[in-house]
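J.: here's my sequence, what's the structure:
(chains A and B)
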Amino acid sequence: GQQLNQSPQSMFIQEGEDVSMNCTSSSIFNTWLWYKQDPGEGPVLLIALYKAGELTSNGRLTAQFGITRKDSFLNISASIPSDVGIYFCAGVPNSGGSNYKLTFGKGTLLTVNP
Amino acid sequence: DAGITQSPRYKITETGRQVTLMCHQTWSHSYMFWYRQDLGHGLRLIYYSAAADITDKGEVPDGYVVSRSKTENFPLTLESATRSQTSVYFCASSATGISRLFFGSGTQLSVL
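T.: Residues are numbered from 1 along each chain as shown, chains lettered A, B, ... in the order given. Down below sits the predicted model:
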């Protein structure tokens, strides 16, 4: 099946720094999603991308749907301690069949040092 | 309160026992999903439902059973629990399909 390679696996940064993470695949995706998971909670949707080349912001977060439809990145500007958590990319594959089999990356663990 | 709730929050059981994890949502979302989250595997889809009385298998359905007699409830049953089913289980719902999921807080299940 389709796999998403998410990198980096973990990041340890100072408060105020910018952060960048990405997801790549050998397969084409129709939709890219970015979720954040706080400890002990379920993932929460941050940004949804539906078109190749689309660039979308949500406050200090910016995400882009790659032109090739095989990658996406998420940037966080001026990080703050509450940005700590696990960030997941997820994609809806272009292959035929069910539209409900969302593929998740394995996550990027972000730690912010105050 | 409105939203999606899972119960229990934590469960310890023994191999061979039947266990049911509950999921309830108050939004009347058509779509509901069960995922399991394991280190090294991320989130994997177990079962999903597009509407009441309509369910389908996901990526890892073996050993699990679901039902959806009412729109708001989507229980997940482990018929005979095994140690490999030790995991954190998340229920999710959506009004529009796969692209906007709302997740519950999870059930941490340990099978001894």
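
J.: name the residues of the longest strand seen in chain B that are buried.
T.: Of all the segments assigned as strand in chain B under DSSP state E, the longest by residue count is strand B:42-51. Residues of strand B:42-51 classed as buried under the neighbour-count rule (16 or more other Cβ atoms under 10 Å in any protein chain shown) are B:42-50. Bear in mind the C-beta positions are built from the backbone N, C-alpha and C, glycine included.

J.: so, low pLDDT: which residues of chain B?
T.: By pLDDT under 70, the weakly predicted segments of chain B are B:1-2.

J.: the residue in chain B positioned nearest to chain A: neighbour count?
T.: Residue nearest to chain A within chain B: B:Phe103 (3.0 Å; Cβ to the nearest Cβ). Number of residues near B:Phe103 (other Cβ atoms under 10 Å in any protein chain shown) recorded here: 21.

J.: just grab the bridge partners of it for me.
T.: B:Ala92 (DSSP bridges).

J.: how much space between it and B:Arg9?
T.: The spacing between B:Phe103 and B:Arg9, counted by Cβ to Cβ, to the nearest Å, is 14 Å.

J.: and what of A:Val44?
T.: 18 Å.

J.: just list whatever residues bridge to residue 45.
T.: Assuming you mean chain A. When bridges are called by DSSP bridges, A:Leu45 pairs up with A:Tyr35.

J.: oops, chain B please
T.: When bridges are assigned using DSSP bridges, the partners listed for B:Leu45 are B:Tyr35.

J.: what about B:Ser105, neighbour count?
T.: 18.

J.: measure it to A:Gly42 for me?
T.: With distances taken as Cβ to Cβ, B:Ser105 is found 6 Å from A:Gly42.
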